[in-house]
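Engineer: Sequence first, predicted coordinates after that:
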Protein chains: 2
Amino acid sequence: MAPAQQPLSRNEGPVGIVGLGLIGGSIGLDLRRQGRQVCGLVHRSTTAERALQRGLVDRVSTDPAVLQDCALVLLALPLERLLDPDPDLVAAIPAAAVVTDVGSVKQPVLERWQPLHPRFVASHPMAGTAEAGVEAGLAGLFADRPWVVTPTAETDPEALAQVQGLAVSLGARWLSCEAAAHDRAVALISHLPVLVSAALLQSADRGALAALPQQGLPALVRALASSGFADTTRVGGGNPALGTQMARTNQGALLQALRLYQQQLALLEQQVQHGQWSDLEAALGECQQLRPGFVKPT
Amino acid sequence: MAPAQQPLSRNEGPVGIVGLGLIGGSIGLDLRRQGRQVCGLVHRSTTAERALQRGLVDRVSTDPAVLQDCALVLLALPLERLLDPDPDLVAAIPAAAVVTDVGSVKQPVLERWQPLHPRFVASHPMAGTAEAGVEAGLAGLFADRPWVVTPTAETDPEALAQVQGLAVSLGARWLSCEAAAHDRAVALISHLPVLVSAALLQSADRGALAALPQQGLPALVRALASSGFADTTRVGGGNPALGTQMARTNQGALLQALRLYQQQLALLEQQVQHGQWSDLEAALGECQQLRPGFVKPT
């Protein structure tokens, strides 16, 4: 059940949102419905116009000065731009404002932003659709979704409480952990699956081509692929730029996850190779038991 | 679009169906709607009663003699029982009948049944739901689904034509290939994904447990798993007995597929390890291109 959204108190000044794609736009919609004033900063004037038309913001500009009165600034930028921020943006953020982000990897963001702003709080609201851009924002996107925050010893507790107030006001589930733990967790459950799934697509393609004696195999493999193959390959067939960005920004944790995965797969391979069928059945039985712990029944 | 079902001619005598689970029961329902007489052979008398109540068959028995007038006998048994058939069943199949099966692996079935019956045709109707047993059969299950047949030089062409007539009458798409090609194809697109997906569940579990400094990681990993993880692990969290049976009966092709998969994954791992981001993006771009060839848009 989605927790009820609780409006933020209205005397906290405007919220600035940098970037009005899926995440930034959705937060803008929800905050405005609470009566909170929202100022948007975007890259292009066409985006600014459309954001106003869609009601994502009260005011919007391509000039960072739009952030000058903001009490809270949310950086809803793609990870590359978050890790290599425009100096004009950094300079325009009021020193007294609470600053937070929405990046899907937390250690590099913390390393970059903690020295840049005294009231920075690293967060990762985990919600998504296949859409992107100024048309993508949706009201209620964060209801009952995890909003992970990764504070450090240097994090300002009052700033952290304000970010928590924002997350709770959107109906999100608040989770706090170390940045390293977050990055390991998303490597295992989000970044590793992309590579595991991509290698399966490549194998089905290469395996079919390698079977020269049976020239019809490429077409046959494609004709026989069913819903199980479709599900297992969905994330591997996704946006290549996004998959590469995840790997690049979470390289260490992803490599660790990949090596663990290769070990697990090698154990299953040995069971198949040596015909250890009762061991294989026990391993698959364990997997059947494990899955409901990760995946809520739908 | 599903091809229209075309009734079989009615003067061909009854069809015998051995086993009235999802596949056998569904075929019984469709054939009876065409006006064809269907005789069922089952293991338990309670199943026999329920099959009659559900209208899966005209006559049903636990005695193989029920097959005595059948012109076509369809073996809709689990793979283990198909590969180690009851001698009373083999003896009861009329010598003149056309015999076919529904097994998901074809080489071992051919090796077992070709010597047992002169008019055996190996086939694999590819349709399924999560259900099993006498309650599972559904009308129209095979409409527009592949029905793969794997004839050999010894296969009786007239028997093959009769099986084709049956498949086409159910609205299935008829595909013919060598048994070895079939088994390689299903290893790549159906059996390999089970192990790939199972190892991902094990890695998420083990990876979270291994992170002792961050004791909350097991709960965190579970809290953060989203729809991508759910999709990628669906087949790995499935029926362990079925997964083991697939591996056991298609061991050679599955091992070959697994090794190819490990090579592909190692290439992706190297790109991550050496920070070859443009190569990784190109590989993921290829996967994005490959997937629609396997997976029809829904």
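Structural biologist: It's in.
Engineer: CA only for contacts and neighbour counts going forward, please
Structural biologist: Fine.
Engineer: Toward the C-terminus from the helix or strand encompassing residue A:184, list the very next helix or strand.
Structural biologist: Assigned by DSSP states H and E, residue A:184 belongs to helix A:179-186. Downstream of helix A:179-186, the next assigned helix or strand under DSSP H and E is helix A:192-210.
Engineer: Measure how the helix holding residue A:184 sits relative to helix A:192-210, angle-wise.
Structural biologist: Orientation of helix A:179-186 against helix A:192-210 (axes from the mean of the first three to the mean of the last three CA atoms, to 10 degrees) gives an angle of 30 degrees.
Engineer: Could I get the buried residue list for helix A:179-186?
Structural biologist: For helix A:179-186, a neighbour-count test (16 or more other CA atoms under 10 Å in any protein chain shown) marks A:179, A:180, A:181, A:182, A:183, A:184, A:185, A:186 as buried.
Engineer: Mind listing what's buried along the helix or strand bottoming out on mean pLDDT in chain A?
Structural biologist: Using mean pLDDT, DSSP states H and E, helix A:217-224 stands out as the lowest-scoring helix or strand of chain A, at a mean of 83. Going by neighbour count (16+ other CA under 10 Å), the buried part of helix A:217-224 is A:217, A:218, A:220, A:221, A:222, A:223, A:224.
Engineer: Provide a list of residue ranges in the stretch 151-298 of chain A with pLDDT below threshold.
Structural biologist: A:211-215, A:297-298 (pLDDT under 70).
Engineer: in it, which spans are helices?
Structural biologist: Secondary structure of the stretch 151-298 of chain A (DSSP state H, counting those that start in this stretch): helices at A:157-169, A:179-186, A:192-210, A:217-224, A:227-232, A:240-249, A:251-273, A:277-294.
Engineer: any chance of the ones you listed in JSON lines, with distance to chain B too?
Structural biologist: JSON lines is the format used below for the helices of the stretch 151-298 of chain A (distance: least, CA to the nearest CA, whole Å):
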{"stretch": "helix A:157-169", "distance to chain B": "16"}
{"stretch": "helix A:179-186", "distance to chain B": "5"}
{"stretch": "helix A:192-210", "distance to chain B": "5"}
{"stretch": "helix A:217-224", "distance to chain B": "5"}
{"stretch": "helix A:227-232", "distance to chain B": "4"}
{"stretch": "helix A:240-249", "distance to chain B": "5"}
{"stretch": "helix A:251-273", "distance to chain B": "5"}
{"stretch": "helix A:277-294", "distance to chain B": "4"}
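Engineer: could those helices go into CSV alongside distance to residue B:290?
Structural biologist: Formatted as CSV, the helices of the stretch 151-298 of chain A follow (distance: least, CA to CA, whole Å):
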stretch, distance to residue B:290
helix A:157-169, 39
helix A:179-186, 26
helix A:192-210, 7
helix A:217-224, 10
helix A:227-232, 12
helix A:240-249, 12
helix A:251-273, 23
helix A:277-294, 28
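Engineer: Please name the residues that touch the nearest residue to residue A:180 once chain neighbours are set aside.
Structural biologist: Spatial nearest neighbour of residue A:180, chain neighbours left out: residue A:107 (6.4 Å); criterion: CA to CA, 6 or more residues apart in numbering or on different chains. Residues in contact with residue A:107 (CA atoms under 8 Å, 6 or more residues apart in numbering or on different chains) are A:179, A:180, A:183.
Engineer: who's in contact with the first one?
Structural biologist: Residue A:179 makes contacts with A:106, A:107, A:150, A:151, as judged by CA under 8 Å, 6+ apart.
Engineer: Roughly how far does it sit from residue B:203?
Structural biologist: Applying CA to CA, to the nearest Å, the value for residue A:179 to residue B:203 is 20 Å.
Engineer: about what we covered before: specify the angle between the least confident helix or strand of chain A and helix A:192-210 in degrees.
Structural biologist: 130 degrees.
Engineer: Just the CA trace of helix A:217-224, in PDB.
Structural biologist: C-alpha atoms of helix A:217-224 as PDB (Å, rounded to 0.1, in the frame of the first residue of the first chain):
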ATOM      1  CA  LEU A 217      19.400 -22.500 -37.200                       C
ATOM      2  CA  PRO A 218      19.400 -18.700 -37.000                       C
ATOM      3  CA  ALA A 219      15.800 -18.500 -38.200                       C
ATOM      4  CA  LEU A 220      14.800 -21.500 -36.100                       C
ATOM      5  CA  VAL A 221      16.300 -20.000 -32.900                       C
ATOM      6  CA  ARG A 222      14.400 -16.800 -33.600                       C
ATOM      7  CA  ALA A 223      11.200 -18.700 -34.400                       C
ATOM      8  CA  LEU A 224      11.300 -20.700 -31.100                       C
END
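Engineer: packing partners for that helix?
Structural biologist: helix A:192-210, helix B:179-186, helix B:277-294 (3 or more CA pairs under 8 Å, 6 or more residues apart in numbering or on different chains; DSSP states H and E).
Engineer: Serialize these to a markdown table and add fields for distance to residue B:61.
Structural biologist: Shown next, in a markdown table, are these (distance: least, CA to CA, whole Å):
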| stretch | distance to residue B:61 |
| --- | --- |
| helix A:192-210 | 43 |
| helix B:179-186 | 32 |
| helix B:277-294 | 42 |
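Engineer: can you list contacts of the least confident helix or strand of chain A?
Structural biologist: By CA under 8 Å, 6+ apart, the surrounding residues in contact with helix A:217-224 are A:204-205, A:208-209, A:211, B:126, B:146, B:181-182, B:185-186, B:188-189, B:293-295.
Engineer: go again using 10 Å as the cut-off
Structural biologist: Helix A:217-224 is contacted by residues A:204-212, A:214, B:126, B:145-148, B:173, B:175-178, B:181-182, B:184-190, B:291-296 when judged by CA atoms under 10 Å, 6 or more residues apart in numbering or on different chains.
Engineer: ok, which residues in the stretch 1-150 of chain A are in contact with chain B?
Structural biologist: A:126, A:127, A:128, A:145, A:146, A:147, A:148 (CA under 10 Å from any CA of the partner chain).
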